[in-house]
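S.K.: Sequence below, structure please.
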Amino acid sequence: MTKNDVNECLVSVIMPAYNAEKTINKAIDSVISQTYKNLELIVINDKSTDLTGEILKSYEKKDSRIHVLNNDINSGVSYSRNRGIEYARGKYIAFLDSDDFVRENYLSRLYDAAIDTRSDIVICNFYRYYEQINLAKPVLYKFRRGVFDKHEILKGLIPDNLIHSYLWNKLWKREIFENYSTFPNMKFEDFAVMPQLMYKADKIAVINDALYYYRIRKTSIVRSISLQTQNDYMKAYALIRLFLQESGEYNKFKRHFFYLSLKVYIVMLAVILMLFKEHPSLKLLAQNIYSTKVFIRACREDNFLMTQEEILNYNVLSSSVKVPILNRKLNTKTPK
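M.R.: Now for the predicted structure:
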């Protein structure tokens, strides 16, 4: 394929939206003003209760490239993304959150890199945009620029320190999402599935350009510290372990998974201490620390036996003291 063919290829940009009346104009404007014109913007309105729906109707009338899908009930970002992927017609797919925005050459730079390197996925740097002070700070990957195979990328992705587990700031060849079931209905769903998606690529390109603006709000950190959100974080961690087990790659990435486990444990200890301030019970504090240690230890066992259904139905943290604490082993089955 040559660059002359680039303009013949459609790019589908998928944007879930819920009560985004304050930010969605900027997000949509940043897409329709792209220098790369052959695109479609699929916005999934997740039963918004503000003016988001009216704003979307206005844009849909003005630009035929914009398609609005309305969820019958509020179903969450995972369901909305799954629906957007199913509807998309493009050869390549990009994701944009409704409170973020991109530079005008976002798609053209990613697309050129995909064509030049024949890559299945292209990753760019991004900005953290602090809306309260109108400041954008670039986040530059420690991972070097170039073209890599999936194993090289996973070494930086699994510890979640060299390459971040975000769906946005990437251009995806559509085939990556074929024969893939769905994003799980939980927080940190991108963290959970990113290794699986990267594993389906033959070649992945990393470019230096910062092209995506990730909006940071005052409430972002507060919202992220809740019992269910942190339980979802642990589920995502366990789903990564399940992927490594099922793909037969755990031994190859055992050291990298250890670094991820260490990071997860430190994060969870900090969260547990914050939750302790809300529920000052020493028994509950001890229980949640113990539960976290047992769960991480189980995930690091060579013979990991939890199924996806078990992982999604299991909560590590609790808001009440339970007796006994974790009365079953998570990674072993009762012998017959």
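
S.K.: what about the strands in the chain?
M.R.: 11-17, 39-45, 66-70, 92-95, 101-102, 121-130, 135-139, 146-148, 170-173, 204-216 (DSSP state E).

S.K.: May I see the buried residues of stretch 179-194?
M.R.: For stretch 179-194, a neighbour-count test (16 or more other C-beta atoms under 10 Å) marks 183-184, 186-194 as buried. To be clear about C-beta, it is placed using only N, CA and C from the backbone, and glycine gets the same treatment.

S.K.: in the sheet, who's paired with the residue nearest to P138 when sequence neighbours are not counted?
M.R.: Nearest residue to P138, sequence neighbours excluded (C-beta to C-beta, 6 or more residues apart in numbering): A210, at 4.4 Å. Note on A210: beta-bridge partners by DSSP bridges are N125.

S.K.: Now do the same contact list for A210.
M.R.: Shown in contact with A210 (C-beta atoms under 8 Å, 6 or more residues apart in numbering): 124-127, 138-140.

S.K.: Same check on A201?
M.R.: Counting by C-beta under 8 Å, 6+ apart, A201 has contacts 119-121, 150, 153, 173, 176.

S.K.: With F177 instead?
M.R.: Contact analysis of F177 by C-beta under 8 Å, 6+ apart lists 85, 93, 197.

S.K.: cool, Q230 as well?
M.R.: Residues near Q230 by C-beta under 8 Å, 6+ apart: 268, 271, 275, 316-317.

S.K.: and I289, what is it in contact with?
M.R.: I289 touches 269, 272, counting by C-beta under 8 Å, 6+ apart.

S.K.: Quick check: pLDDT value at it.
M.R.: Looking at I289, its pLDDT stands at 95.

S.K.: again, but for K333
M.R.: pLDDT, read off for K333, is 45.

S.K.: Over to R328?
M.R.: 45.

S.K.: who's in contact with the spatially closest residue to M234 that is not a sequence neighbour?
M.R.: Spatial nearest neighbour of M234, chain neighbours left out: V316 (4.5 Å); criterion: C-beta to C-beta, 6+ apart. Contact analysis of V316 by C-beta under 8 Å, 6+ apart lists 230-231, 234, 268, 288, 291-292, 295.

S.K.: of all the residues you listed, which comes closest to I115?
M.R.: M234 (39.5 Å; C-beta to C-beta).

S.K.: follow-up on the earlier one: could you single out the nearest of the contacts of F177 to V321?
M.R.: L197 (38.8 Å).

S.K.: Could you pull up the contacting residues of the closest residue to the closest one other than its chain neighbours?
M.R.: Leaving aside its sequence neighbours, L197 sits nearest to I176 (C-beta to C-beta, 6+ apart; 5.6 Å). The contact partners of I176, taken as C-beta under 8 Å, 6+ apart, are 93, 120-121, 197, 200-201.

S.K.: What ranges does the stretch 201-336 of the chain have for its helices?
M.R.: Taking DSSP state H, counting those that start in this stretch, the helices of the stretch 201-336 of the chain run over residues 218-224, 227-247, 254-278, 282-299, 308-312.

S.K.: Packing partners of the longest one?
M.R.: Counting by 3 or more C-beta pairs under 8 Å, 6 or more residues apart in numbering; DSSP states H and E, the packing neighbours recorded for helix 254-278 are helix 227-247, helix 282-299.

S.K.: mind checking which of these is nearest I66?
M.R.: Closest of the helices and strands packed on helix 254-278 to I66 is helix 227-247, at 31.0 Å (criterion: C-beta to C-beta).

S.K.: N45 contacts N19, correct?
M.R.: No. Judged on C-beta atoms under 8 Å, N45 makes no contact with N19 at a distance of 9.9 Å.

S.K.: Compare the two (neighbour count), which wins?
M.R.: N45 (23 against 17; other C-beta atoms under 10 Å).

S.K.: what's across from the more buried one in the sheet?
M.R.: A17, N70.

S.K.: what residues go with each domain of the protein?
M.R.: Annotated domains of the chain cover 3-220, 225-312 [automatic domain parsing].
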